[in-house]
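Peer 1: Turn this into a model:
(one chain, ligands or ions: 1)
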Amino acid sequence: MTSSIAKPRIVAFTGSTRRPSKSRTLAETIGRAVANHIDARIDCFDVADARPGLGAAFNRHQLSAEASVIVEAVERADALIAITPVYKGSYTGLFKHLFDFVDQEALANLPVLIGATGGGHRHALIVEHQLRPLFGFFSSQVVSTAIYASDHEFLDGRLVDPGVIERVETAALQLAALLEARRPSELLAGRQDRLDRLHAVHAVS
Ligand SMILES: Cc1cc2nc3c(=O)[nH]c(=O)nc-3n(C[C@H](O)[C@H](O)[C@H](O)COP(=O)(O)O)c2cc1C
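Peer 2: Residues are numbered from 1 along each chain as shown. Here you go, the predicted structure:
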């Protein structure tokens, strides 16, 4: 029998402009791990998908079509996987720039899994010191296990480090559990509620 309840949509967004990208590999690895636990649609975007139309925009009306698609996908997601490369000890400027366009109410109570990739382990705590507070601002439900992977934990375009893979499994299970707990009524009602508020905001702006 086919269910009339829509699959939850998980949006992964990464702050890398480069291809191939370790951050994107990490986001896709996490997405697959979540999909082992819950039947969900997973859409992956990065700054490279947004093209220069993200960085050139000073306000939402100036966003390119490609960048708008990503901002709207983030706002309408049922859960988020947010991954950034470390640049100069922080998230990338364009990663933050995208979230600066996200409606401040849109991610409230949203399950979010956070992660970062870096050249080494020196900046591993950016997940706790920078990403977690960012989603605290949005009042999101950030899963307790954050992921950090450094360059040498990837090989031939794959995440290979057993310790990081184990953390991915743990965090994916936590995200799936949060999503599952919201289905079906809270998930659908929550999404509809967020959409209604967004439409109201855009109708007056
Ligand atoms: C401009 C720039 C700044 C960087 N700064 C740091 C840093 O401060 N700390 C660190 O551990 N790695 C740093 N890196 C390395 C990247 O974070 C790392 O290679 C990351 O995995 C790249 O992700 P990507 O393949 O998704 O682009 C930097 C890389 C670039 C290009």
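Peer 1: residues from the chain in reach of the ligand?
Peer 2: 16, 18, 21-23, 85-89, 117-120, 122-123, 151 (CB under 6 Å from any ligand atom). In short, each C-beta sits where N, CA and C put it, glycine included.
Peer 1: Restricted to buried residues, select those residues in PyMOL.
Peer 2: The buried residues among the residues of the chain next to the ligand can be selected in PyMOL (16 or more other CB atoms under 10 Å) with this line:
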select buried, resi 16+21+22+23+85+86+87+117+118+123
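Peer 1: So which of the residues of the chain next to the ligand are in helices?
Peer 2: 22-23 (DSSP state H).
Peer 1: buried residues in the helix or strand encompassing E166?
Peer 2: Using DSSP states H and E, the element containing E166 is helix 162-182. In terms of neighbour count (16+ other CB under 10 Å), helix 162-182 has its buried residues at 164-165, 167-169, 171-176, 178-179, 182.
Peer 1: Among these, show me the least confident.
Peer 2: Confidence by pLDDT is poorest for R182 among those, given 81.
Peer 1: Show the backbone phi and psi for the closest residue to F137 other than its chain neighbours.
Peer 2: Nearest residue to F137 in three dimensions, chain neighbours excluded: Q104, at 7.6 Å (CB to CB, 6 or more residues apart in numbering). The phi and psi values for Q104, taken as degrees, to the nearest 10, are phi -70, psi -10.
Peer 1: Who is the nearest residue to N109 once chain neighbours are set aside paired with across the strands?
Peer 2: Distance criterion CB to CB, 6+ apart; nearest residue to N109, sequence neighbours excluded, is Q141 at 5.8 Å. Counting by DSSP bridges, Q141 forms beta bridges with P111.
Peer 1: Also Y91?
Peer 2: In this structure, Y91 bridges to V86 when assessed by DSSP bridges.
Peer 1: Tell me, what's the model's pLDDT at it?
Peer 2: So Y91 comes in at 98 (pLDDT).
Peer 1: what about it, distance to the ligand?
Peer 2: 10 Å (CB to the nearest ligand atom, to the nearest Å).
Peer 1: got a list of what the residue nearest to N109 touches?
Peer 2: 109-112, 178 (CB atoms under 8 Å, 6 or more residues apart in numbering).
Peer 1: For burial, what's the neighbour tally of the closest residue to V11 other than its chain neighbours?
Peer 2: Nearest residue to V11, sequence neighbours excluded (CB to CB, 6+ apart): A77, at 3.8 Å. Neighbour count of A77, defined by other CB atoms under 10 Å: 24.
Peer 1: how long is stretch 100-117 from one end to the other?
Peer 2: 21 Å (CA to CA, to the nearest Å).
Peer 1: whoops, I mixed them up, stretch 57-66
Peer 2: First-to-last residue span, stretch 57-66, CA to CA: 12 Å.
Peer 1: what comes up buried for that stretch?
Peer 2: Under 16+ other CB under 10 Å, the buried positions of stretch 57-66 are 57, 63-64.
Peer 1: now do stretch 104-113
Peer 2: Of the residues in stretch 104-113, those buried by neighbour count under the rule 16+ other CB under 10 Å are 106-107, 110-113.
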